[in-house]
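Engineer: Let's see this in three dimensions:
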Amino acid sequence: MKNRLNRPRYTRRSSTLLAVYFFVALIIPNIVLLYTEPYSIWSAEASLLMPLGFYMIWSVALRRSGVMIWLAFPFIFFCAFQIVLLYLFGNSIIAADMLTNVLTTNPGEAGELLGNIYPSIIIVCVMYVPLLWFASREIGHRRYLSHTTRKNLALLGITLMAIGGLILIPAYRVSEDKRVLKTDIFPLNVFYNVKVSASEFRKMRDFQRTSGDFRFDARRAADAPGREIYVFVIGEASRAPSWQLYGYDRETNPRLSREAGVVVFRNLITQSNATHKSVPLILSSVGTDEHEELYRRRGLPALFNEAGFRTWFLSNQAPQGAMIDKLAHDADSVVYLRGQRYDMQLLDTMKRIVAQDRIHDLLFILHTYGSHFSYHQRYPREYAYFRPDNDVAIAAANLEMIRNAYDNSIRYTDDFLASTIDFLRREGCVSALLYCSDHGEDLLDDSRERFLHASPTTTFYQLWVASLAWFSPAYCRTFPEKVEAARNNSDAAATTHALFQTMAGMASVEGRFVDPTASLVSPDYDRTAPRRYLNDHNLAVPFPRTGMNDEDIANFRRHGIEF
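Structural biologist: As a prediction, this is how the structure comes out:
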């Protein structure tokens, strides 16, 4: 009898402690976000009180707290994800683009990243694995909460939620975009972002149907003697500040720096810092403020197909299940390289195709691996010019090796582009090359210790991308006005939106949605057009509103870039 009387007190006490462990562990990301996010005082208070109250209510909704904890696994997962994100980027909630990145990143890239952020993985395991283990134990032992504990925690939770709800009123009043629940309250904002990401996948899935009747009605506006070859190289994570051509103090462009015919576009910034969003925009005529049109229009391969070109999409990246693949498959031929991915293999493949096809005018779109992390693996060992360049964990203590490896990847890109130019020059036909990176990269550059790309808030290093053009001697003789326009526009304010139009202009292709005022090889290029960034919720916003700080703006101004 004595044991039966004592047992409920023990079980109730352990279940109560487990419930407290639950809501304390889950509120930790909210507390950290108070220090990392630019919340108003009202949003900060609401973002703490409302979730804490909700977690309290959730933990006592059933007598058996262990069951409620396992039912809360989605919340636990997002809390763990949020902590990893904060470790990686230093700020920002889990964004829709981040969720899309997770679902479209190939396992090899994911493994490379996870292997270098193990401290954050250890942290979340220490915080949440014991919680789930104790919850399982509570379920197995059939332990439960007392009626008094449930009532007290529920009343406290309801009170906190009510106070947080009232604080939302002034929070909305001071909010600029009036979207506090969607942007400031974790994890409500994450569930909203899950909805946004799911909507994007649905639109991607339906792309063939929604764009099935689309045509550019393309035509060639000028004929060139002999055949033409155009090469569009899409770089990966190649930031302009690490290119010698842009004033970097290391010799990362030894060959391109000696190439007299190269035109460097010095004032070009990306529309998005995530590959799955940036590359489709690059391949499309869609403006930054026309995002929904992305799913109704076909892209650059379709335009050149209609104009009579034979089109090839050669990729050094695995299929991602994203819009990149949809637009790529409009090309006549799509080739994904396998095995060890060094970008010079793209040139080798292109050489074989040109040797076999001496009849058609050709468009090649080369999607490179460029400077994607892990940088150490993006170039053969003989290109390890800057040493040491070991494959190391992401940490400030390893900055020298990280930067050396990244700069070596840029140097390898330099050799790849110069070799491609040499090949086109030797062909002797009318040809041109356009290169641009999809986005830049953070390399622990300042006190924020930001790293990689695709963060919900941007930086100078993620936005300013390397871009250049080259024209063969035959092209210069045939279309001197286009070459002259490119040189005149080398310092013109532009975004990656200009790339589709520039490729169309290079090949003298006209049609619906082809706009010469957005082409960098047109004398009519509009230097006054506003530049916009496509944010996480697919809204076109001015660049100063993308999360940059004053130091980022100052860095742009030092390089003559104004918004």
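
Engineer: which residues does the closest residue to Gly505 other than its chain neighbours contact?
Structural biologist: Among residues not flanking Gly505 along the chain, Ser519 sits closest, at 3.6 Å (C-beta to C-beta, 6 or more residues apart in numbering). Glycine gets a C-beta too; all of them are placed from N, C-alpha and C. Taking C-beta atoms under 8 Å, 6 or more residues apart in numbering as the criterion, Ser519 is in contact with Ala498, Gln501, Thr502, Ala504, Gly505, Tyr525.

Engineer: Report the two members of the residues you listed separated by the largest distance.
Structural biologist: Of all pairs drawn from the contacts of Ser519, the widest gap by C-beta to C-beta lies between Ala504 and Tyr525 and measures 12.9 Å.

Engineer: which of those two has more neighbours?
Structural biologist: Neighbours were counted for Ala504 and for Tyr525 using other C-beta atoms under 10 Å; Ala504 has more, 29 against 24.

Engineer: and the gap between the spatially closest residue to the more buried one that is not a sequence neighbour and Ser284?
Structural biologist: Of all residues not flanking Ala504 in the chain, Val514 sits nearest, at 4.9 Å (C-beta to C-beta, 6+ apart). Here the criterion is C-beta to C-beta, to the nearest Å. By it, Val514 lies 12 Å from Ser284.

Engineer: what comes into contact with whichever strand or helix holds Arg202?
Structural biologist: Assigned by DSSP states H and E, Arg202 belongs to helix 188-205. Residues from elsewhere that reach helix 188-205 (C-beta under 8 Å, 6+ apart): 78, 82, 93-100, 103, 181-183, 210, 295, 321-323, 326, 536-538.

Engineer: Equivalent analysis for stretch 506-513, please.
Structural biologist: For stretch 506-513, the surrounding residues in contact (C-beta under 8 Å, 6+ apart) are 215-222, 224, 228, 230, 285, 297, 303-304, 306-307, 309, 363, 432, 434, 469, 479, 482, 504, 521.

Engineer: So which residues of the stretch 401-550 of the chain form helices?
Structural biologist: Along the stretch 401-550 of the chain, the stretches classed as helices by DSSP state H, counting those that start in this stretch are 460-463, 473-478, 480-488, 498-506, 550-558.

Engineer: related to what we said a few turns ago, sitting in strands, which of the contacts of stretch 506-513 do you find?
Structural biologist: Arg219, Arg220, Glu228, Tyr230, Leu363, Ala432, Leu434, Ala469 (DSSP state E).

Engineer: what is the second one paired to in the beta sheet?
Structural biologist: Read that as Arg220. Counting by DSSP bridges, Arg220 forms beta bridges with Val509.

Engineer: Pretty sure it sits against Ala307.
Structural biologist: Yes: counting by C-beta atoms under 8 Å, Ala307 is a contact partner of Arg220 at 5.4 Å.

Engineer: neighbour-wise, which of those two wins?
Structural biologist: Ranked by neighbour count (other C-beta under 10 Å), Arg220 and Ala307 place Ala307 first, with 22 against 16.

Engineer: got a list of what that one touches?
Structural biologist: Ala218, Arg219, Arg220, Ala507, Val509, Gly511.

Engineer: looking at these, which has the most residues close by?
Structural biologist: Among the contacts of Ala307, Ala507 has the most neighbours (other C-beta under 10 Å), with 27 neighbours.

Engineer: Leu463 versus that residue, what's the distance?
Structural biologist: To Leu463, Ala507 is 28 Å away according to C-beta to C-beta.

Engineer: Same check on Val231?
Structural biologist: Val231 sits 25 Å away from Leu463 when distances are taken as C-beta to C-beta.

Engineer: Quick check: closest non-adjacent residue to Ser315.
Structural biologist: Excluding the flanking residues, the one nearest Ser315 by C-beta to C-beta, 6+ apart is His367, at 4.1 Å.

Engineer: That neighbour: how many residues sit nearby?
Structural biologist: Around His367 there are 26 other residues, counting by other C-beta under 10 Å.

Engineer: After whichever strand or helix holds Leu168, which helix or strand is next? Please name it.
Structural biologist: Assigned by DSSP H and E, Leu168 belongs to helix 147-174. Counting by DSSP H and E, the next helix or strand C-terminal to helix 147-174 is helix 180-183.

Engineer: CA atoms only for that following helix, dumped as PDB, please.
Structural biologist: Extracted in PDB, the C-alpha atoms of helix 180-183 (Å, rounded to 0.1, in the frame of the first residue of the first chain):
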ATOM      1  CA  VAL A 180       4.800  40.600 -37.600                       C
ATOM      2  CA  LEU A 181       3.300  37.100 -37.200                       C
ATOM      3  CA  LYS A 182       4.800  36.000 -40.600                       C
ATOM      4  CA  THR A 183       8.300  37.400 -39.900                       C
END
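
Engineer: Rounded mean pLDDT for that helix, please.
Structural biologist: Across helix 180-183, the average pLDDT comes to 90.

Engineer: who wins for proximity to Ile167 among the helices of the stretch 401-550 of the chain?
Structural biologist: The closest of the helices of the stretch 401-550 of the chain to Ile167 is helix 550-558. By C-beta to C-beta, the value is 29.0 Å.

Engineer: tell me what that closest one is packed against?
Structural biologist: Of the remaining helices and strands, those touching helix 550-558 by 3 or more C-beta pairs under 8 Å, 6 or more residues apart in numbering; DSSP states H and E are helix 460-463.

Engineer: what bits of this structure have low per-residue confidence?
Structural biologist: Scanning the chain for pLDDT under 70 picks out the ranges 1-12, 105-116.

Engineer: wait, what's in contact with Glu449?
Structural biologist: Gly90, Ala396.

Engineer: How much space separates it from Asp389?
Structural biologist: Distance, Glu449 to Asp389, using C-beta to C-beta: 20 Å.

Engineer: Leu399 too?
Structural biologist: Counting by C-beta to C-beta, the gap from Leu399 to Asp389 is 12 Å.

Engineer: cool, Asn152 as well?
Structural biologist: 59 Å.

Engineer: between these two, which one's more packed in?
Structural biologist: Shown here are Asn152 and Asp389; by other C-beta under 10 Å, Asp389 has more neighbours (23 against 14).

Engineer: so the more buried one, which of the three states?
Structural biologist: When classified by DSSP: H, G, I helix; E, B strand; the rest coil, Asp389 comes out as coil.

Engineer: for it, phi and psi?
Structural biologist: The phi/psi pair for Asp389 (degrees, to the nearest 10) reads phi -130, psi 40.

Engineer: contacting residues for it?
Structural biologist: Contact partners of Asp389, counting by C-beta under 8 Å, 6+ apart, are Tyr375, His376, Met401, Asn404, Ala405, Asn408.

Engineer: let's go with 10 Å and repeat that
Structural biologist: Neighbouring residues of Asp389 by C-beta atoms under 10 Å, 6 or more residues apart in numbering: 375-376, 379, 381, 383, 400-409.

Engineer: Repeat that for Met98.
Structural biologist: Contacts for Met98 (C-beta under 10 Å, 6+ apart) come out as 81, 85, 88-89, 92, 190, 193, 197, 274, 454-456, 536.

Engineer: so which helix or strand takes in it?
Structural biologist: Assigned by DSSP H and E, Met98 falls within helix 96-104.

Engineer: End to end on stretch 174-193, go ahead and measure it.
Structural biologist: Stretch 174-193 has its terminal residues 22 Å apart, counting by C-alpha to C-alpha, to the nearest Å.
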